[in-house]
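> Predicted coordinates and the sequence they were generated for:
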Amino acid sequence: MIAIIDYGVGNLASIKNMLKKAGFESEVTSDIALIKDADKIILPGIGAFDHCMQKFNASGLRPIVTEKILEEKIYMLGICVGLQMLMEKSEEGIEPGLGWIEGNTIKFKRDELGDLKIPHMGWTDITVSKPSALIQDLGEKPRFYFVHSYYVSPDKKEDELLMANYGYEFTAAVNRDNIFGVQFHPEKSHKYGMKILENFGRL
């Protein structure tokens, strides 16, 4: 069972519905017993970084989620701010991140965007930085739906999984061992997002 962590933030029902269409059982849950039984975890996030970290810390779920991911090594997928939370910190706030991947979350550099606006919103092509089962069989010219003003900047190049371009290249997805994170919204990305979630379910 895939546990979609409910700490009061994120497109929880949309993610569950997309997983169901992809053929996988999932539960939107804040129940520690259910999370203990999960074989995969999705950590969603929408809005401000500090708000998400504060809500996650206050939920009481951080210890069990950390145990499942760092000790049991089950697969996890962070989505949008759920990806940014994997980093050490964010320019958007003062709360420490989870620090599971070294690096920071930074704001788009306005002076390098030209006429482009912040936030970056809409469909954007991606390029692959390294092979992974998560991104198999995406087809030609895969593209995903983004809504964000900040993006992650991993310290280690090998943690980069997908890149995208908005005025300049930025990291669109990361992977280290059993930990995955995507900046885009797979639940809003039609067939490409469906394939990402299907691949995640099969890991």
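Yep, it's here. Numbering: from 1, shown residues only.

> Tell me where the protein has helices.
Per DSSP state H, the chain carries helices over the ranges 12-22, 32-37, 49-59, 62-66, 81-84, 190-202.

> Need those helices in CSV (columns: mean pLDDT, mean neighbour count and distance to residue 175).
Where C-beta positions appear, they are placed from N, C-alpha and C, glycine not excepted. Formatted as CSV, the helices of the chain follow (pLDDT from 0 to 100; neighbours: other CB atoms under 10 Å; distance: least, CB to CB, whole Å):
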stretch, mean pLDDT, mean neighbour count, distance to residue 175
helix 12-22, 94, 17, 19
helix 32-37, 97, 13, 22
helix 49-59, 98, 18, 21
helix 62-66, 98, 15, 18
helix 81-84, 98, 26, 11
helix 190-202, 96, 19, 11
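
> Tell me which of the ones you listed sits nearest to residue 92.
Among the helices of the chain, helix 49-59 comes nearest to residue 92, with 4.3 Å by CB to CB.

> ok, back up a step: out of the helices of the chain, flag the one nearest residue 171.
For residue 171, the closest of these is helix 81-84, at 9.0 Å, according to CB to CB.

> which residues touch residue 185?
11, 79-80, 144-147, 193 (CB atoms under 8 Å, 6 or more residues apart in numbering).

> out of those residues, which are buried?
Buried residues within the contacts of residue 185, counting neighbours by 16 or more other CB atoms under 10 Å: 11, 79-80, 144-146, 193.

> In the sheet, which residues pair with residue 150? Tell me.
Beta-bridge partners for residue 150, by DSSP bridges, are residue 107.

> Does it touch residue 50 like I think?
No: the criterion here is CB atoms under 8 Å, and residue 150 misses it with residue 50 at 11.8 Å.

> tell me what the worst-scoring helix or strand of the chain on mean pLDDT is packed against?
The weakest-scoring helix or strand in the chain, judged by mean pLDDT, DSSP states H and E, is helix 12-22 (a mean of 94). With contacts defined as 3 or more CB pairs under 8 Å, 6 or more residues apart in numbering; DSSP states H and E, the packing partners of helix 12-22 are strand 2-5, strand 26-29, helix 190-202.

> so how far is that helix off the chain centroid?
15 Å (CA atoms, centre = their mean, to the nearest Å).
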